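In: based on what follows, work out the 3D shape:
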Amino acid sequence: MTDISGMNVSLDEWEQRVGAAIRQARIDAGYDQIALAERANISRSAVQALEQGAGTRLHTLLAVLRALDRLDVFDSLMPDLGPTPLELLAQSRGATAPRRVRKAQG
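Out: Modelled structure (predicted):
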């Protein structure tokens, strides 16, 4: 039994779902496990474990999603950092952020 929010789904079931989605994304992108592993700079066994929902590291998931150009799946989790404090200060003064100037050598 699952509800729409997924709250009644076990973590093991979520791992299985994520693994199946990664496998489908890999196939859709035209990669076999070896090619994806090389592209993600991880081992083939790490790709295989991820696809099987066998409890992999977050690093592995991120490497695979980056290799598949699918890091967008985390967009809703990542805060918009906006401008830096120096950029805000420069904007308030109507100027651009300070830039480092190099002296000519000679």
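In: E13 and A20: what is the separation?
Out: Plainly put, E13 is 11 Å away from A20 if you go by CB to CB, to the nearest Å. All C-beta spots, glycine's among them, are computed from the backbone N, C-alpha and C.
In: tally up the residues packed near N8, please.
Out: Residues near N8, counting by other CB atoms under 10 Å, number 10.
In: sec struct for it, please.
Out: At N8 the chain is in coil, as set by DSSP: H, G, I helix; E, B strand; the rest coil.
In: and it, what are its phi and psi?
Out: Here the main-chain torsion angles of N8 (degrees, to the nearest 10) amount to phi -90, psi 10.
In: so how far is A20 from it?
Out: Distance from N8 to A20, by CB to CB: 18 Å.
In: how far is the helix or strand bottoming out on mean pLDDT in the chain from where the chain is centred?
Out: Sorting the helices and strands of the chain by mean pLDDT, DSSP states H and E puts helix 85-92 at the bottom, at a mean of 84. Here helix 85-92 shows a centroid-to-chain-centroid distance of 29 Å under the convention CA atoms, centre = their mean, to the nearest Å.
In: again with stretch 37-47
Out: The answer for stretch 37-47 is 15 Å, by CA atoms, centre = their mean.
In: next, the distance between the ends of that stretch.
Out: Using CA to CA, to the nearest Å, one end of stretch 37-47 lies 6 Å from the other.
In: touching it from outside, list them.
Out: Stretch 37-47 is contacted from outside by 26, 31, 33-34, 36, 56, 60, 63-64, 66-67, using CB atoms under 8 Å, 6 or more residues apart in numbering.
In: can I get the CA coordinates of the least confident helix or strand of the chain in PDB?
Out: Output of helix 85-92 as PDB, limited to C-alpha atoms (Å, rounded to 0.1, in the frame of the first residue of the first chain):
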ATOM      1  CA  PRO A  85      27.500  39.800   0.100                       C
ATOM      2  CA  LEU A  86      30.000  41.700  -2.000                       C
ATOM      3  CA  GLU A  87      27.700  41.700  -4.900                       C
ATOM      4  CA  LEU A  88      24.900  43.000  -2.800                       C
ATOM      5  CA  LEU A  89      27.100  45.800  -1.400                       C
ATOM      6  CA  ALA A  90      28.200  46.700  -5.000                       C
ATOM      7  CA  GLN A  91      24.600  46.800  -6.100                       C
ATOM      8  CA  SER A  92      23.600  49.100  -3.200                       C
END
